[in-house]
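*Asks:* Predicted structure and sequence below. I'll ask about it afterward.
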Amino acid sequence: MVELKEGDKAPAFTAKDQDGNKVSLADLKGKRVVLYFYPQDDTPTCTVQACNLRDNYALLKKEGFVVLGVSPDDEAKHKKFEAKFQLPFTLVSDPEHRVIEKYGVWGEKQLYGRKYMGLHRTTFVIDEKGVIRKIFLRPKNKQHAEEIIAAWKAL
């Protein structure tokens with residue numbers, strides 16, 4: 001796993017979103033980015049997190065943030081997730097784990113004593129210059145947008 005730290009330059013990437021359009025971090029230079037990695041569309045915890053970001057999207061936009069969700073799901077699954085929960089932000093499809101590996105969020109996990117490889121739910125808050133300003137290793141899914149805004153204001 002890559003060990004990114006606050007203050008590091010955010011790794012560049014280009015991938016496709018839920019509509020098949022290319023999304024590139026370089027194209028977002030000059031904007032604040034909430035880059036959140038989540039394991040799978042339409043699962044209970046991932047849905048809670050996405051809906052919290054959806055419900056507070058206006059506040060995030062007011063603070064100047066662009067929101068990108070990244071998971072290993074394909075574009076079609078992202079499109080269904082977006083439609084089902086009326087998500088107003090971009091979902092990045094990464095079935096080959098290219099972005100996931102660059103950010104070091106794929107690794108060993110454990111559930112009920114069973115070890116397996118999976119995506120570690122992590123959020124990176126990136127400033128206008130492409131620098132990682134905050135990393136949430138265990139986001140509070142029900143208050144995620146609020147914790148992002150509070151952390152940003154505390155910087």
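*Replies:* Arrived safely, thanks for sending. Numbering: from 1, shown residues only.
*Asks:* where does the closest residue to residue 47 other than its chain neighbours land on pLDDT?
*Replies:* Distances taken as Cβ to Cβ, 6 or more residues apart in numbering place residue 85 nearest to residue 47, at 6.6 Å, with adjacent residues excluded. Placement of C-beta: from N, CA and C, glycine included. Looking at residue 85, its pLDDT reads 98.
*Asks:* next one: residue 1
*Replies:* For residue 1, the predicted pLDDT is 61.
*Asks:* same question, residue 111
*Replies:* Residue 111 carries a pLDDT value of 86.
*Asks:* For it, what are phi and psi?
*Replies:* With angles defined as degrees, to the nearest 10, residue 111 sits at phi -140, psi 120.
*Asks:* Can you name the residues that contact it?
*Replies:* Shown in contact with residue 111 (Cβ atoms under 8 Å, 6 or more residues apart in numbering): no residues.
*Asks:* quick one on the thing from earlier: the residue nearest to residue 47: neighbour count?
*Replies:* 14 (other Cβ atoms under 10 Å).
*Asks:* ok, now residue 69?
*Replies:* 26.
*Asks:* any idea which helix or strand carries it?
*Replies:* For residue 69, the host element (DSSP states H and E) is strand 65-71.
*Asks:* who does that strand pair up with?
*Replies:* Sheet partners assigned to strand 65-71 using DSSP bridges are listed as strand 32-37 (parallel), strand 90-93 (parallel).
*Asks:* Verify the contact between residue 82 and residue 91 for me.
*Replies:* Yes: the criterion here is Cβ atoms under 8 Å, and residue 82 meets it with residue 91 at 6.0 Å.
*Asks:* what residues are shared contacts of the two?
*Replies:* Both residue 82 and residue 91 are in contact with residue 18, where contact means Cβ under 8 Å, 6+ apart.
*Asks:* Look at those two and report which has more neighbours.
*Replies:* Here residue 82 and residue 91 are set side by side on neighbour count (other Cβ under 10 Å), and the busier one is residue 91, at 26 against 21.
*Asks:* Tell me how far the more buried one lies from residue 127.
*Replies:* Noted for residue 91: a distance of 22 Å to residue 127, by Cβ to Cβ, to the nearest Å.
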